[in-house]
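Q: model the structure of this input:
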Amino acid sequence: MPRIRDIAQVCKSKNAGPFMVTIDVLFEDPGLYRRVKATGVLSAALFARLYGVAEGDVLFTPYDTASAFKATLPRLVPAGDFGDTDVYGAQQHAPLLDVEVPI
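A: A predicted model of the protein is given here:
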């Protein structure tokens, strides 16, 4: 079964302010995007589970015209605070890379 890292052209994360992080998953092929979307694997529930936050705190949006998914969720440690290991939020997409998609 392919993983996100195998099928997405872009999977990236960045700060959305000091208390939030946003994760983008983009597909070059709109047909592949539609197949991934139809599985329901990428969802607010998945991001909540992967990142240890409440599902209600995850803003998850599929963007059909861009063949992309976006999730914005709270950071467990504010950017730059003690214990923060990624001040820019640039490595937060890593747990998503190994998610398998049954397409």
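Q: can you pull out the strands in this protein?
A: Ranges of strands in the chain, per DSSP state E, are 10-15, 20-26, 59-63, 68-74.
Q: got CSV for those, with mean pLDDT and mean neighbour count too?
A: Bear in mind the C-beta positions are built from the backbone N, C-alpha and C, glycine included. Shown next, in CSV, are the strands of the chain (pLDDT from 0 to 100; neighbours: other Cβ atoms under 10 Å):
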stretch, mean pLDDT, mean neighbour count
strand 10-15, 97, 16
strand 20-26, 98, 20
strand 59-63, 98, 14
strand 68-74, 98, 20
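Q: A68 reaches I23, doesn't it?
A: No: A68 is beyond contact range of I23, at 10.7 Å (criterion: Cβ atoms under 8 Å).
Q: quick one: the helices in the chain?
A: 4-7, 30-39, 44-51, 94-97 (DSSP state H).
Q: okay then, goodbye and thanks.
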